[in-house]
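> Show me the folded form of this:
(chains A and B)
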Amino acid sequence: MPIILGTLLALASVAVIVYPFLGSKRYRLISESFVIREKLRAERLRIYRKIIDLDADYASGDLTDDDYQQQRNVLRISAAEILREESGSISPDTGRDEQLEKEISRLRDQTAQTLEGGDTL
Amino acid sequence: MADLGVTALLLGLALSMYSVVGSIVGEKKGIAELIVSARRAMYMTLLSAVVASAALINAFVQNDFSIKYVADHSNTLMDRAYVWVAFYAGNEGSLLYILLVLTIISAIAIWFAPRRLARSMPWTIAILAVIQLFYFGVLSFAASPFELLDTVPADGRGINPLLTHPGMFSHPPLLMGGLISITIPFAFASGALIAGNYGDDWIDVARVSAIISWGVLGTGMLLGAWWAYTILGWGGYWAWDPIENVALMPWLVLTAFIHSIMVQKRRGMFRMWNVALLNIAFVLAQLGMFINRGGPVVSVHSFAASTLGIIFMLFMILSLVFAFGLFLWRMPRLKSDRAMESFLSRESAFLVNNFLFLAVMAITLWGVLFPLFSDLARDVSVSVGAPYFDRANGPVLLGIVVMMGVGPLLPWRKASARSLKQWFVWPVLAGVVTVGVLLAVGVQRPIAIIAFGVVAFVATAISEEWWRGTAARHRSGDNWALAWWRLVNGNRPRHGGYVVHLSILMLGLGIIGTNFYQQRTDGAIELGESLVIDNYRIEYVDSGDSSRADRIAQWAEITVYRIDKDDYAVEIDAARAEGASGFTLADSTARLNDKYLGQIEPWHGFYPDFNMASVRSGIRSTVVEDIYVIPRDFLADGRISLAVSINPLAWWLWASGPFFIIGTMIALWPQASIERRRSREPVQLEPLAELEPESNGGKA
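Presented below is the predicted three-dimensional model:
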């Protein structure tokens, strides 16, 4: 029995590692542009998260009005720049601002109303 | 089954090797199929480790004493429930357990790795595979748990009696698992650095995996303390033993990391620092493995006489060279985006707290390694005892607790004089009032009083944070409960962290109480006699024999009474005159105000095969204090030799555990949501391209 099990394990291992070369599916390396888009998207999500946290800090009285506005503007500008890079188009700033606020608001609602919270202290 | 185990280990070794080579060559040459194949080989190493572990467990279940490891760590008398403990009770089995954990967490980490890390994943996988390769190699050639005996014994030696305790089902596996799991954040950070990914892409994965390691290690250490308190029979829960210390040190560094990583996430600072912290934690974990596997430092629970020390030392040195070589290579690219704006800011508080954690780590490391240096330099063996660690680490630990209160009260970037005054008033007042009250009621020990004041300061700071946030939401229309829930839910890492801080305060209460206010007395009493200590009288009412084939064991029945000291004024005065903290009463007739509290049954056993004694302390625990009875020995003349102590606030040590776990879970919970949100993202992404089928057509 141990011999059979050991042989099966060895055969299964060989099959698994050989399959990508012999199987019917083909693979290709990720493109540089895809990596960049993924990173931009992740960075944008991080900035949204920071804005939500900032809003929470402000609501809790952790920040002065000036500090809050200044920090929020910096983050919004960063998010807008990333959004512009992601879309690859030159759209009017006002449209991006609306989109940003809409997404921040949506994520904040998710945080407050569902069991999903933030990931940043 | 031994053959199956050996085959599985050798196969795992080959697969790990293939995964290392395949990942690196596939990445360098741009061969996607090879990268996919190498990644899948990592899943098969998991299967190999599972099969090897199952083979060993099966050998224990079948009492297969032809396998040396099984014969050394079990016998036919062993309760089958302890098979799991016997699995990692010895050097070889524990290495297999560590490998099993490593392969499981590696497979999980690879499976769930975010797509943005695709470029660095081959490097991450190669690092994980190298570490797996090391363990498969050691288990295959240097410490095989499947070594066969020439002559099969009729029965095994049995399991180490100290391990037959409920705490052993979880304490060692958690510690070993916690140490090895530090590999995951290290591999992700290092993989990103090798691939030239200098941004923050790796920090979410590293943060989650580091918190898991940290929570597992912390829980393991707490369970170990509980085990020591109830079974080791020396009356304490933490002895600064080298093995305890090698678990504590990476935990301290990880604690620093999970604080400073928040600064990187929030402010884009401390990149270099965070990588350095992960490197230190990883190397310290390797140091732990080295010391535990027959390293030069003696410990009560290292695997003595192991010849593996040199192998693990070499691996530790290689880890150190690799981690910091890579760090130095990439350091110029790791500079932060921005500088600290003010010393009075939250990021600054995190930095101070980081330095304090590293200070405790360095002090502890010096205490662990000093005997080795002394031996090498002067050929004199010395041991570093608890007083060194207590005196050197005590003030720094108190400083850490202070920073636990200060940090959350400071805003990011910079604090204004107004905000400082606004948020520090109540916590400082609480601390001062606590100190004043304790002094007024005549509590002794100035350092302990200050420590209680610090605990009050931090507890009030956390309460104020919750109150402030809840009140702000309440003003927006939520009821109080909903407002608090939304506050916590809105930023779980932060508020989970506060729950963990509360658990640390509880732990602090226990440490202060037991270290500064413990009372002890010893004595040998006959049946019917009593020992009196502080407000308690314990009466020896019965005893019995519970010996079995592998042990000589006895239990005692002891009744605990609370006494009115006025009833015993004469005896107490006499004892005080002799400088004793307790006294023996031959006449156990209950006095007027004696109040029956309950019964405890301490137990004492001796295992001839191991030449080892084991005890179960009798403990009556309340929120205020424990009455703690250690049966030193059952004497030939019928008396029982007891060590009795009053351990104030000891209950809080163990109560902190659930809060620690709950807080960690809260802090961890939301991390997964970012990935789950992906499908709801407004920006349309191309389908995953990397390492996925390009088409379903035939292979070109």
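> pLDDT weak spots in chain B?
Within chain B, the ranges that satisfy pLDDT under 70 run B:233, B:294-306, B:337, B:588, B:670-700.
> ranges for the strands of it?
Secondary structure of chain B (DSSP state E): strands at B:519-525, B:530-533, B:536-545, B:552-562, B:582-585, B:595-600, B:603-607, B:612-616, B:618-621, B:625-634, B:640-648.
> Export those strands as a markdown table, with columns for mean neighbour count and distance to residue B:425.
No exception for glycine: its C-beta is placed from N, CA and C like everyone else's. Formatted as a markdown table, these follow (neighbours: other Cβ atoms under 10 Å in any protein chain shown; distance: least, Cβ to Cβ, whole Å):
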| stretch | mean neighbour count | distance to residue B:425 |
| --- | --- | --- |
| strand B:519-525 | 18 | 38 |
| strand B:530-533 | 24 | 43 |
| strand B:536-545 | 18 | 42 |
| strand B:552-562 | 19 | 41 |
| strand B:582-585 | 19 | 45 |
| strand B:595-600 | 14 | 43 |
| strand B:603-607 | 20 | 53 |
| strand B:612-616 | 19 | 49 |
| strand B:618-621 | 18 | 37 |
| strand B:625-634 | 22 | 33 |
| strand B:640-648 | 22 | 31 |
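> Kindly reformat those as JSON lines containing distance to residue B:472.
JSON lines is the format used below for the strands of chain B (distance: least, Cβ to Cβ, whole Å):
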{"stretch": "strand B:519-525", "distance to residue B:472": "47"}
{"stretch": "strand B:530-533", "distance to residue B:472": "51"}
{"stretch": "strand B:536-545", "distance to residue B:472": "49"}
{"stretch": "strand B:552-562", "distance to residue B:472": "47"}
{"stretch": "strand B:582-585", "distance to residue B:472": "54"}
{"stretch": "strand B:595-600", "distance to residue B:472": "47"}
{"stretch": "strand B:603-607", "distance to residue B:472": "55"}
{"stretch": "strand B:612-616", "distance to residue B:472": "51"}
{"stretch": "strand B:618-621", "distance to residue B:472": "40"}
{"stretch": "strand B:625-634", "distance to residue B:472": "40"}
{"stretch": "strand B:640-648", "distance to residue B:472": "39"}
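> so which of the ones you listed gets nearest residue B:168?
Proximity to residue B:168 (Cβ to Cβ) singles out strand B:612-616 among those, at 11.7 Å.
> Tell me the gap between that closest one and the middle of its chain.
Its chain's average C-alpha position is 24 Å from that of strand B:612-616, according to Cα atoms, centre = their mean, to the nearest Å.
> and it, what does it pack onto?
Counting contacts by 3 or more Cβ pairs under 8 Å, 6 or more residues apart in numbering or on different chains; DSSP states H and E, strand B:612-616 packs against strand B:603-607.
> got the angle for the strand it packs on vs strand B:625-634?
Here strand B:603-607 runs at an angle of 40 degrees relative to strand B:625-634 (axes from the mean of the first three to the mean of the last three Cα atoms, to 10 degrees).
> Tell me the strands beside strand B:603-607, with direction?
Paired neighbours of strand B:603-607 in the sheet (DSSP bridges): strand B:552-562 (antiparallel), strand B:612-616 (antiparallel).
> list the contacts for the nearest residue to residue B:657 once chain neighbours are set aside?
Closest residue to residue B:657 apart from its sequence neighbours, by Cβ to Cβ, 6 or more residues apart in numbering or on different chains: residue B:222 at 5.0 Å. Residues counted as contacts of residue B:222 (Cβ atoms under 8 Å, 6 or more residues apart in numbering or on different chains) are B:507, B:653, B:654, B:656, B:657, B:660.
> correct me, but the third one touches residue B:226?
What it means is residue B:654. Yes: the pair residue B:654 / residue B:226 is scored as a contact, 5.9 Å apart, by Cβ atoms under 8 Å.
> Can you check which helix is longest in the chain?
I went with chain A, as the question did not name one. Using DSSP state H, we find that the single longest helix of chain A is helix A:32-59.
> Sorry, I should have been clearer: chain B.
Under DSSP H, chain B gives helix B:346-378 as its longest helix.
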